[in-house]
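J.: I'll drop the sequence and a predicted model, then ask my questions.
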Amino acid sequence: MRKSWRIIFFGTPSFAIPTLKRLLQETDEVVAVVTQPDREKGRGRKVVPSPVKEFALQHKISVFQPKKVKDENFYENLKALQPDLIVVVAYGQILPKSILDIPRYGAVNVHASLLPKYRGASPIAWAILKGEKRTGVTTIKMDEGMDTGDILLQKEIILGERETFESLHDRLALLGEEVLMETLERMKKGDLTPIPQDHSEATFAPPFKKEDGRIDWKKEAREIDCQIRALNPWPGTFTEWNGRLLKIFSGEVRQGISKGEAGRVVWVGADFIEVETGNGSLLIKEVQLEGKRRMSVKEFLSGHSIPVGTVFH
């Protein structure tokens, strides 16, 4: 029978929930959950809890929400729980050595990339944005750096041709659960040897800003297509038309050599708008005009005229 460990779980977004759910089904005891403070959200600025907090409360688990993880009272509360292990999945703050040293067996982080590639807050989107063919999940023994700890286990998956942030997010969330369970099982057997990362190979995946969603039509159609698939829902990919923002949710690459002006509409079909890029063209298929709802291009064109020669900026 597997040894039972007392675990404190750190996590915030929905990505962390499959792993937390699986931990609750195993013999280990989740003695507390730590998540980010409630945030204002949406147009009404309503204060809402994180997905992990909602899940934890539904399962009657104690929840901590420190504004700063270096808070002395927070440290004392964690220490009093006498955990064997800390598990971190997309928490959102870097843990200090004082907290990492509390559990008997240290802290394990579940990260959604093949480290040392894409250290940071947005590894899933960056993998799509950069046109990666494969990515995966890595568990590491945490140190004080940002995703710099020794590798415990790694599993990879192949990205689909039309992989989106949402589809890859869900696949990696389930893979994360699987990799963590195998990591804990092998830690308890004592047959897991941590492997130092090659820091010279590190790449980074910082959070996105709204302006990162703006399309530069001088880029290749393939790059713009990756941007659209990577940055939905945040920050969304957009261009300007008639002084208004036009969000673009899906498209299709058409190969060919561009001859005219990047951003110029070269063809309008029944259900697509073809826009010239720096190399090839992009068929836009789903949009949302500023102040309006999301819709197919076919529906959009029934109420808006976009003649050939129109230039998106």
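T.: Happy to help now that I have it. Residues are numbered from 1 along each chain as shown.

J.: Not counting its neighbours along the chain, what's nearest residue 46?
T.: Nearest residue to residue 46, sequence neighbours excluded (Cβ to Cβ, 6 or more residues apart in numbering): residue 40, at 6.8 Å. For the C-beta atoms, the positions are set from N, CA and C on the backbone; glycine is no exception.

J.: Now stretch 118-138: average pLDDT?
T.: Mean pLDDT, stretch 118-138: 98.

J.: so how far is the first residue of it from its last?
T.: With Cα to Cα, to the nearest Å as the measure, the first residue of stretch 118-138 is 11 Å from its last.

J.: quick check, residue 143 in a helix?
T.: No - counting by DSSP: H, G, I helix; E, B strand; the rest coil, residue 143 is located in no helix; its state is coil.

J.: Provide the strand pairings for the longest strand along the chain, with the direction of each partner.
T.: Counting by DSSP state E, the longest strand found in the chain is strand 244-254. The strands beside strand 244-254 in its sheet (DSSP bridges) come out as strand 237-241 (antiparallel), strand 281-289 (antiparallel).

J.: Throw those into JSON lines and include mean neighbour count, thanks.
T.: Shown next, in JSON lines, are the strands paired with strand 244-254 (neighbours: other Cβ atoms under 10 Å):
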{"stretch": "strand 237-241", "mean neighbour count": "20"}
{"stretch": "strand 281-289", "mean neighbour count": "21"}
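
J.: hmm, back to that, let me know the distance separating the residue nearest to residue 46 from residue 49.
T.: Separation of residue 40 from residue 49 (Cβ to Cβ, to the nearest Å): 12 Å.

J.: out of these two, which sits in the busier spot?
T.: Taking other Cβ atoms under 10 Å, residue 40 and residue 49 do not tie; residue 49 has more neighbours (18 against 9).

J.: Kindly report the domain assignment for this structure.
T.: Following automatic domain parsing, one gets these domains for the chain: 6-201, 210-301.
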